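Chemist: Model the following, please.
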Amino acid sequence: KTVGSVTAISPTIGQVNAVVTINGTSLRGSGNSVTNVTLASVPASILSQTNTQVLVVAGPSSATSGTVVVVADTGAIVTGSPTFTYVAPGLIGTVTPLTGQAGTVVNITGTGLFSGASGIVSVTLGGFPASIVTATDSYVTVIAGTGSSGLVDIIITANTFATATKTGGWSYLQAGSA
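Modeler: Next up is the predicted model:
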């Protein structure tokens, strides 16, 4: 059997639900498929695979860092020097204002809002998209989109698909309310 090598992963840091691309050689270990992948000893879900690239979703973990291991249907174990590091989920702290309607500018502060990624791709208020004005790992400004009245969750999604969530973090006011 030809045993391959993991040559690169992207991103190298993340959390649960982060989509991780694993590149390498003979990742299927002279077989037909990859049957198992772990990131820092934590099982990951396989989304797609070729002999040179495997796309996975990181599982839940509090592990800090470890090797990427790809197991083929032949039993071949493929590893390499790249490591994956789990980071704590982002924490949304303060939200101002706490209430508003479509068009309201909402400022969100916290820590690790990028959840280990290099940026964010979306912010939702109660499942409704908000327009991102500015974003850093500790501060995000959005403009609320149209939503249903009531207390709603805020979800910030990173470009790795990892999320930071604040349950009941914002309230949509009914149109015309003050």
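
Chemist: Leaving out chain neighbours, which residue sits closest to residue 39?
Modeler: Nearest residue to residue 39 in three dimensions, chain neighbours excluded: residue 84, at 4.1 Å (CB to CB, 6 or more residues apart in numbering). No exception for glycine: its C-beta is placed from N, CA and C like everyone else's.

Chemist: how close does the one you found get to residue 166?
Modeler: Distance, residue 84 to residue 166, by CB to CB, to the nearest Å: 26 Å.

Chemist: which helices and strands does the least confident helix or strand in the chain by mean pLDDT pack with?
Modeler: Ranked by mean pLDDT, DSSP states H and E, the helix or strand of the chain with the weakest confidence is strand 13-14, at a mean of 88. With contacts defined as 3 or more CB pairs under 8 Å, 6 or more residues apart in numbering; DSSP states H and E, strand 13-14 has these neighbours: strand 83-86.

Chemist: how distant is the strand it packs on from the center of its chain?
Modeler: The chain centroid and the centroid of strand 83-86 are separated by 13 Å, computed with CA atoms, centre = their mean, to the nearest Å.

Chemist: need the next SSE after that strand, C-terminal direction.
Modeler: Per DSSP states H and E, the first helix or strand lying C-terminal to strand 83-86 is strand 91-96.

Chemist: List the buried residues in that next one.
Modeler: 92, 95 (16 or more other CB atoms under 10 Å).

Chemist: Past it, which element shows up next along the chain?
Modeler: Using DSSP H and E, the next helix or strand after strand 91-96 towards the C-terminus is strand 99-100.

Chemist: Give me the mean pLDDT for that following strand.
Modeler: Mean pLDDT, computed over strand 99-100, is 96.

Chemist: that older thread, residue 84 and residue 166 - which one has more neighbours?
Modeler: Using other CB atoms under 10 Å, the more surrounded residue of residue 84 and residue 166 is residue 84, with 26 against 19.

Chemist: Which pLDDT value goes with that one?
Modeler: 95.

Chemist: what sits against it?
Modeler: The neighbours of residue 84, taking CB atoms under 8 Å, 6 or more residues apart in numbering as the test, are 9, 12, 13, 14, 20, 39, 40, 58, 65, 66, 67, 68.

Chemist: How about residue 98?
Modeler: Residues near residue 98 by CB under 8 Å, 6+ apart: 170, 171.

Chemist: All further residue positions should be reported with the first residue as 29.
Modeler: Understood, numbering begins at 29; the last thing we discussed is residue 126.

Chemist: picking that back up, pick out whichever of the contacts of residue 112 sits closest to residue 185.
Modeler: If you rank those by distance to residue 185 using CB to CB, residue 42 comes first, at 12.4 Å.

Chemist: Show me the beta-bridge partners of that closest one.
Modeler: Listed by DSSP bridges, the beta-bridge partners for residue 42 are residue 114.
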